[in-house]
Each structure stands twice: as C-alpha cells, then as structure tokens.
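Enquirer: no FASTA, just this:
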C-alpha cells in the first residue's frame, strides 16, 4: 500500500466488518448466566481468538488461494459480493446468515463455552473479515507492510475487548435503537468496501473495463 491512508482504510473497513458494537446484544444474551469474572474471561478469550484467526489468515491466506488455484482478482470479486451481502443485512439492522444461521443460534443453547464459537468466529472474525485481511495483505510483500497490518489487527482486538468488557454499559446507554444505528452505519461502510473490492477485481479480470 502506498500511503498511510490505505492502512487507515484497512482498519476502518475491518472495524466495520467485525463490528463489535453489533455483537453486544448477542454477547449479553450468551453471557447472561455468567458471573462478572466469567464474562471478563469470555471477552478476553473472544478478543484473543479473533486476533489469532485474523493473524493466521494474514500470513497464510495467499498461500491457501494459490493452493486452490484461485486468482486474487477472482477472490476480490467473490469477497466483495460476500461483504456486500453482509452489508445489506446490516443496513436492515440484522445479523447476516453469512455470520450465523438460525440453526447455529439454536445450537448455542447447549454450548458451555461461547468465547471462540460463536463469538470469535463466525460473529467477529467471520468470512468478511477473513476476506478483507487476505485482500489487503496481498497488496505488498514487504515485512513492514505485514508488521503494520499485524499491529492494526492487534489494535482491533483491543477495541473489541474494550467493547465486550463494557457491553452492559453500552447496551444501557445506547439501547437497541442506538446499537441498530451504529450497525447501519457500519453496514454503509461495509457496502462501500464490498463495491470497491468488486470493482478492482473486475478491472483485473476484464482490463477493458479500466479504459
């Protein structure tokens, strides 16, 4: 990436897609029976697992694409469509089925540990976040580039931890309407990110479009 604005864009896009604010109601519901210390432990594990998943993808994502013979251009289009579909759900203040289906939500009633599944994945580090990390990672191959992305992913995990730790306070201050407003704003950002990924991918697949 050529300048700092691209890294700012990466963090903003990843924050919108992970959307820890949108996960607050689900987190509160899933941890309703836990003590404060248990909720803190759950939030710690969820944030660490989110970082671990995204960092693993950062360093192995492009290798996986090469292994399956998928071009970056095709992945850009596919990732853009995926993010756009998620954004449309968020603009309606709904949780996309890409992140969690009704069947998966019902299965949670029998789960004791919800920090990794479903909180870290697929709710936080879901397909959209994974696609975004892979697409930004391949823009350069320098160690500095990867170190900056690593630092921004860790920063995102810290923000996620803060949001989850203060989830009850956020919920009481904003209420469901306030959280829905934030979710819709994040959805708007996600929609723009998805369209940009698709446009760049299509230009690579069909060079005549660039003219």
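Expert: That came through fine. Every value quoted in this text rests on a predicted model; they were computed, and no experiment measured them.

Enquirer: burial count for the residue nearest to residue 23 when sequence neighbours are not counted?
Expert: Setting aside the residues directly before and after it, residue 23 is nearest to residue 123 in space (CB to CB, 6 or more residues apart in numbering), at 5.3 Å. No exception for glycine: its C-beta is placed from N, CA and C like everyone else's. By other CB atoms under 10 Å, the residues close to residue 123 number 24.

Enquirer: and the helix or strand where residue 25 lies, what does it pack onto?
Expert: Per DSSP states H and E, residue 25 falls inside helix 24-30. Applying 3 or more CB pairs under 8 Å, 6 or more residues apart in numbering; DSSP states H and E, we find helix 24-30 packed against helix 36-67, helix 143-165, helix 167-205.

Enquirer: re the thing from before, pLDDT score assigned to the residue nearest to residue 23?
Expert: Note on residue 123: pLDDT of 92.

Enquirer: try residue 102
Expert: 61.

Enquirer: same list, the helices and strands packed on helix 24-30, but as JSON lines with distance to residue 16, mean pLDDT and mean neighbour count please.
Expert: As requested, those are exported to JSON lines (distance: least, CB to CB, whole Å; pLDDT from 0 to 100; neighbours: other CB atoms under 10 Å):
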{"stretch": "helix 36-67", "distance to residue 16": "14", "mean pLDDT": "95", "mean neighbour count": "17"}
{"stretch": "helix 143-165", "distance to residue 16": "11", "mean pLDDT": "97", "mean neighbour count": "17"}
{"stretch": "helix 167-205", "distance to residue 16": "4", "mean pLDDT": "93", "mean neighbour count": "17"}
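
Enquirer: got the ones you listed as TSV, with distance to residue 82 columns?
Expert: Listed next are those as TSV, based on distance: least, CB to CB, whole Å:
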stretch	distance to residue 82
helix 36-67	14
helix 143-165	19
helix 167-205	8
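
Enquirer: what's the neighbour count on residue 121?
Expert: Around residue 121 there are 20 residues (other CB under 10 Å).

Enquirer: which other residues reach the helix or strand hosting residue 133?
Expert: Per DSSP H and E: residue 133 is located in helix 127-137. Contacting residues not belonging to helix 127-137 are listed as 1, 10, 13-14, 17-18, 53-54, 57-59, 61-62, 65, 72, 75-76, 78-79, 82-83, 86, 98-99, 145-146, 149, 153, 190, 193, 197 [CB atoms under 8 Å, 6 or more residues apart in numbering].

Enquirer: my guess is the residue nearest to residue 23 meets residue 26, correct?
Expert: Yes: counting by CB atoms under 8 Å, residue 123 touches residue 26, with 6.5 Å between them.

Enquirer: can you give me the offset of the helix or strand where residue 6 lies from its chain's centre?
Expert: Here residue 6, judged by DSSP H and E, is contained in helix 4-18. Centroid separation between helix 4-18 and its chain, computed with CA atoms, centre = their mean, to the nearest Å, is 10 Å.

Enquirer: for it, name the packing helices and strands.
Expert: Under the contact criterion of 3+ CB pairs under 8 Å, 6+ apart, helix 4-18 touches helix 127-137, helix 143-165, helix 167-205.

Enquirer: in CSV: the ones you listed, plus distance to residue 30.
Expert: Below are the helices and strands packed on helix 4-18 laid out as CSV (distance: least, CB to CB, whole Å):
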stretch, distance to residue 30
helix 127-137, 19
helix 143-165, 11
helix 167-205, 10
